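Peer 1: Predicted coordinates and the sequence they were generated for:
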Amino acid sequence: MSAAPSEPLLEIRDLRTRFDLHGGSIEVVRGVDLSLASGEVLGLIGESGSGKTMTGLSILRLLPANARLSSAVLRFKGLDLEDLDDRQFQTIRGRQIAMIFQNPVGAFNPAKRVYWHLRETIRRRHGEHAEWEERARTALHAVGIPRPERVLRLYPHQLSGGMAQRILTAMVFSLEPDLIVADEPTTNLDNIVERQILRLFRGLQRRSKATILLITHDMSVAAMLCDRIAVMYAGEIVEVGPTRELFDAPRHPYTQGLIATATALRKRAARLQEIAGELPSLAAPPPGCLFSARCAHAMDRCRSERPPMFGEASHRTRCFLAEPP
Amino acid sequence: MSAAPDILLRLESLSVAFPGVRHGGDGRHFRAVDDVTLEMRAGEVLGLVGESGSGKTTLAKALLRLYRPSEGRILFRDADLAHLSERALRPYRRDLQMVFQDPLSSFNPRQTVFEALSVPMRLHRICPRTKIAREVEAALARVGLPAAFCDRFPHELSGGQLQRVAIGRALTLSPRLLVADEAVSKLDVSIRAQILNLLKDVQEANRLSILFITHDLHVARYLCHRIGVMYFGRLVELGTTEEIFTAPRHPYTRTLLGTLDEEVADASEAEPPAAPPSETGCRYASRCPHAAPRCAEIHPVTELVGGQHTVACHLWRELADA
């Protein structure tokens, strides 16, 4: 982890994503600020409904038709993404920014064999006449597939989940994108395979110095891969900081709860610490801190006033408890 | 646990084969569960762990007679459930209940919570009709939900709330055995803790037996008294949670526990093969870092390690010394 370069690879300020529904609208991403330095792995952690996936899809402009996006800054490699029309954006998506989805098998065309997918990907990166076969074999070798020739002839449905995720990973890394958005890349896999894929990811990332936005609900996955972690709750980032620091001394009560529940299972607790309650409704969000209804430390102020971010530049927390005296 | 614990249910050499699903060229039926012998005790939580495809869900569904076993016996109360007709099974059904992984798909989307809870009570004649409303509210209260939930539809509930209703529904019938199949796998971390605590509470309050199926050993450790490890249809190791965690004997269990981390580090061959491996020898032989020639040839029998701990591995003695 080197010192942050002057210009981040991706900079987001006040990102908002809204869905128009019959009769009203709900804001699922509520003013997200993020910046990713080149070569950095940033974890975006949150539970279902926290807006983490929508943040990723917003960056990639893959939102459904009834979604509306706004931002103060959405800059990638110095380019304002919001100024680009859809055709211009296509030269970025899938080339400079690539995405890895949760369901690897669903990311393949079921009627095409593995080689077709790799060929198209490699040609997209290296041009129509690229020598794809050798590159495909090398890419598959790099993700731990020892006999690429056999695998290249298979159809997606013939792949196990782990194998499909390996191939998808090979495809994405062979694009040599500047930024990879990986949304729950190992969530559907079994423990052993998950560990293998995570290790593979870490190795490839270190070798290629890829910049990754890793979206996950699993603290242990984030701990293994990420330089920094941003915790999302109800559409907002509630805490962001270096991984080690966030684990050792979490400041937001929600982060504290997440870490406690995640580690309690590994520590053999007599009883698990719970975070009582559920996410607030984003159709009618409460006026103050969105976590206040579930927070053991909530004060009167928390229920009426929305906390801003407190703390130093490298570690910020959206909680009045973190307010400097 | 006393010296002779009450046996609630006993599986004897249970196998489940799926006719039509053949593998390789040898034309044999695929056995999703292969020769499993297992006892469930009254008031115990037994964990069943293994990867997807290891047969744990099939075993549970056969035990509940949602599948018909191809061989073996399911001894429960005075009967062998494996061979009863649907009609003869009916009196036993209320004793054996299940909570599924995906709460949303285990409810009828057009039924309210009240209907979802009251229909099984009516079918099994749990109480007079006039008392059903009160029983439904009590069932919701047991799982920490207010009576106002009665009029809600499944899509109006969160995953955690639905899973509470599913547990509440299973408990309305006062079952002796609850099968929970990956009941917390799809839930978020903070909600998962709530549901695990709830399961622990209802288990202790009712002295309920739970067959808890999971691929997550840490979750199993929290809830289970004993843990069985399955691999490709076979039960390869069984012991108390303590025994499994402190002295795992089967190489597969050790891999699951991550104690053999280094050995799986770069072994892409260590992924589960697409078709069941060797029918004759140990099913784990093709992935096992310690496999000896006899492993691929001779099916390892289940041996007693000590205490309540059993393992099916030719090499467990040598590996224990290593």
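Peer 2: Structure received. It should be emphasised that the depicted structure is a prediction, and the values quoted were computed from it without experimental measurement.
Peer 1: From now on I want contacts and neighbour counts done on CA atoms only, so please keep to that.
Peer 2: Noted.
Peer 1: Report the helix or strand with the lowest average pLDDT across chain B.
Peer 2: helix B:261-264 (a mean of 41; mean pLDDT, DSSP states H and E).
Peer 1: And B:Leu178, how far from chain A?
Peer 2: As judged by CA to the nearest CA, to the nearest Å, B:Leu178 and chain A stand 21 Å apart.
Peer 1: Check which helices and strands the host helix or strand of that residue is in contact with.
Peer 2: Taking DSSP states H and E as the definition, B:Leu178 sits inside strand B:177-181. For strand B:177-181, the packing partners by 3 or more CA pairs under 8 Å, 6 or more residues apart in numbering or on different chains; DSSP states H and E come out as helix B:56-63, strand B:96-99, strand B:209-214.
Peer 1: taking the mean pLDDT, what do you get for the first one?
Peer 2: pLDDT averaged over helix B:56-63 equals 94, rounded to a whole number.
Peer 1: quick one: strands adjacent to the helix or strand following that helix?
Peer 2: Downstream of helix B:56-63, the first helix or strand assigned by DSSP H and E is strand B:71-76. The pairing partners recorded for strand B:71-76 under DSSP bridges are strand B:7-22 (antiparallel), strand B:79-80 (antiparallel).
Peer 1: which of those sits most buried?
Peer 2: strand B:7-22 (a mean of 18; mean count of other CA atoms under 10 Å in any protein chain shown).
Peer 1: so what pLDDT did residue 172 get?
Peer 2: Reading this off chain A. For A:Val172, the predicted pLDDT is 92.
Peer 1: should've been chain B
Peer 2: On the pLDDT scale, B:Thr172 gets 92.
Peer 1: before we move on, back to that, next secondary structure element downstream of the least confident helix or strand of chain B?
Peer 2: By DSSP H and E, the next helix or strand past helix B:261-264 is helix B:293-297.
Peer 1: Could you check how many residues crowd around residue 54?
Peer 2: With no chain named, the answer covers chain A. Using other CA atoms under 10 Å in any protein chain shown, A:Met54 is surrounded by 21 other residues.
Peer 1: right idea, wrong chain: chain B
Peer 2: 22.
Peer 1: Could you do B:Gln308 as well?
Peer 2: 11.
Peer 1: Would you quantify the distance from the closest residue to it other than its chain neighbours to chain A?
Peer 2: What sits nearest to B:Gln308 in space, not counting adjacent residues and going by CA to CA, 6 or more residues apart in numbering or on different chains, is B:Gly239, at 5.5 Å. The gap separating B:Gly239 from chain A is 17 Å, by CA to the nearest CA.
Peer 1: For B:Pro120, what is the enclosing helix or strand?
Peer 2: Per DSSP H and E, the secondary structure element for B:Pro120 is helix B:113-123.
Peer 1: for that helix, packing partners?
Peer 2: For helix B:113-123, the packing partners by 3+ CA pairs under 8 Å, 6+ apart are helix B:132-142, helix B:159-171.
Peer 1: Kindly give the local confidence score, pLDDT, for B:Asp26.
Peer 2: 51.
Peer 1: if I look at A:Leu74, how far off is A:Met99?
Peer 2: Per CA to CA, to the nearest Å, A:Leu74 is found 17 Å from A:Met99.
Peer 1: ditto for A:Pro308
Peer 2: Taking CA to CA, one finds A:Pro308 at 31 Å from A:Met99.
Peer 1: Around chain B, pick out the residues from the stretch 201-325 of chain A.
Peer 2: A:217-218, A:257-258, A:261-262, A:265-266, A:268-276, A:278 (CA under 8 Å from any CA of the partner chain).
Peer 1: Wait, A:Leu10 touches A:Phe76, no?
Peer 2: Yes: taking CA atoms under 8 Å as the definition, A:Leu10 is a contact partner of A:Phe76 at 4.5 Å.
Peer 1: so where's the stretch 201-325 of chain A shaky on pLDDT?
Peer 2: Where the stretch 201-325 of chain A drops to pLDDT under 70, the residues are A:268.
Peer 1: Now do the helices in it.
Peer 2: With DSSP state H, counting those that start in this stretch, the ranges of helices along the stretch 201-325 of chain A come out as A:219-225, A:243-248, A:253-267, A:300-304.
Peer 1: helices and strands around the second one, which ones?
Peer 2: In this case it means helix A:243-248. Counting contacts by 3+ CA pairs under 8 Å, 6+ apart, helix A:243-248 is packed against strand A:228-233.
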